[in-house]
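J.: just a sequence and a predicted model for now, questions to come.
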Amino acid sequence: MIETTTVFPYRMKLGECPTWSAREQALYWIDIPGDGLFRRDWKTGETRHWPMPATIGSFGFFGDGTLLLALRSGFVRFDLSTGAATSIGPAPDYDPLFCRYNDGRADRSGRFWVGSMNERRSAPDGKLYRFDPATGRLETKIEGVTISNGLAFSPDDRTLYFADTVLKTVWAFDLDIASGSLSNRRVFVQLDETMGRPDGAAVDAEGGYWIALIGKVARYRPDGELDRIVELPVERLTMCSFGGPDLATLFVTSSSENLRSDWRETQPKAGLVLALDAGARGMPEPYL
């Protein structure tokens, strides 16, 4: 099993969305049930926490230092210095009693892609959206999803990856990044019981697709062939991303919820943000 370090000793209920800001040399992440946003300065080690006004699913960076938050209640521009949250864009088209935004990230054209999910897992009424913060336009791109996950873009911006956790399926789409159109939907990876369910993902600089699974992170080549498996000492891994000064550190968030009763003894790192050298480099996270 590969050696890991702990980014911060605070244990998340459901840690998600580790995102590296190259400009700030800092790692951001969230705790979804805790309605919290975290930031750790890589040079000083200072860690800050901001409570959220509603359940947060994901976020992206604006070029002016503010953040775009995908909250259960809708999109907001969040000012880190004041804590002010200003609503932008339309209200969500789902029932917030049972649904919320989940996995999301910015593309390199300044748009934010985000999926929704049914928290009861009772119906495939989730979607994948593309939000343009400059115009406030929200477009539906994919429908019929139960839990949106695995969102990532190829280095050349010509392929979009997207997963439904419940179906254990990752699809690839041809992407026109200028218009946001998707075509040629095909199964990229179909996971079986030995691999588990797909959660959050990242793409490295060579086009390898990394995805958090049960107890491991797997890398798939652009042709969909399994390239490597990295076993980790936590069962419920939730998302992976690249960061650090040279973008060669793989950060992996995890959950401490819904584990066996002996998890504190058998999985002492459950709920923590892990960092490891996975032998690959990522790409800078784009700004909106």
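T.: Noted; the coordinates are in hand.
J.: can I take it that residue 284 is in a strand?
T.: No - remark: residue 284 does not belong to a strand; assigned using DSSP: H, G, I helix; E, B strand; the rest coil, it is coil.
J.: show me what contacts it?
T.: 20, 22, 247 (C-beta atoms under 8 Å, 6 or more residues apart in numbering). (Each C-beta comes from the backbone N, C-alpha and C, glycine too.)
J.: quick one, what contacts the first one?
T.: The reference is to residue 20. 26-28, 241-244, 247, 251, 282, 284-285.
J.: next one: the last one
T.: Applying C-beta under 8 Å, 6+ apart, one finds that residue 247 lies in contact with 20, 22, 205, 281-284.
J.: how about it, secondary structure?
T.: Classification of residue 247 using three-state DSSP returns coil.
J.: phi, psi for it please.
T.: Phi and psi for residue 247, reported as degrees, to the nearest 10, are phi 60, psi 30.
J.: cool, and residue 213?
T.: Torsion angles at residue 213 (phi, psi; degrees, to the nearest 10) stand at phi -130, psi -160.
J.: was I right about it contacting residue 191?
T.: Yes - counting by C-beta atoms under 8 Å, residue 191 is a contact partner of residue 213 at 7.3 Å.
J.: anything in contact with each of those two?
T.: Joint contacts of residue 213 and residue 191 (C-beta under 8 Å, 6+ apart) are 197-198.
J.: picking up where we left off before, need the contacts of residue 284 in JSON lines with distance to residue 234 and pLDDT, can you?
T.: Formatted as JSON lines, those follow (distance: C-beta to C-beta, whole Å; pLDDT from 0 to 100):
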{"residue": "20", "distance to residue 234": "20", "pLDDT": "98"}
{"residue": "22", "distance to residue 234": "26", "pLDDT": "96"}
{"residue": "247", "distance to residue 234": "23", "pLDDT": "98"}
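J.: what about the longest strand seen in the chain, average pLDDT?
T.: The residue-count maximum for a strand in the chain (DSSP state E) belongs to strand 226-243. Mean pLDDT, strand 226-243: 96.
J.: and if you look at stretch 139-152?
T.: Computed over stretch 139-152, the average pLDDT equals 97.
J.: all numbers from here: first residue = 592
T.: Done: numbering now begins at 592, and the last item shifts to stretch 730-743.
J.: identify the residues contacting that stretch?
T.: 684, 693-696, 704-709, 712, 714-722, 751-758, 761, 771, 773, 789-794, 800, 802.
J.: which one of the contacts of residue 875 is nearest to residue 644?
T.: residue 611 (24.7 Å; C-beta to C-beta).
J.: buried subset of the contacts of residue 611, written for PyMOL?
T.: Those of those that count as buried under 16 or more other C-beta atoms under 10 Å are selected in PyMOL with:
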select buried, resi 617+618+619+832+833+834+835+838+842+873+876
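J.: redo the contacts of residue 611 as CSV? Include distance to residue 728.
T.: Output for the contacts of residue 611, formatted as CSV (distance: C-beta to C-beta, whole Å):
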residue, distance to residue 728
617, 30
618, 30
619, 25
832, 27
833, 30
834, 30
835, 35
838, 31
842, 31
873, 29
875, 25
876, 22
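J.: now, which of the contacts of residue 611 sits nearest residue 678?
T.: For those, the nearest to residue 678 is residue 619 (20.7 Å; C-beta to C-beta).
J.: give me the element the closest one is part of.
T.: Taking DSSP states H and E as the criterion, residue 619 maps to strand 617-622.
J.: dump that strand to CSV, keeping only the CA atoms.
T.: Provided in CSV are the C-alpha atoms of strand 617-622 (Å, rounded to 0.1, in the frame of the first residue of the first chain):
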residue,chain,number,x,y,z
ALA,A,617,-3.3,26.5,-1.5
LEU,A,618,-5.6,23.5,-1.4
TYR,A,619,-9.3,24.0,-1.0
TRP,A,620,-11.9,21.3,-0.1
ILE,A,621,-15.3,20.9,1.4
ASP,A,622,-17.2,18.9,4.0
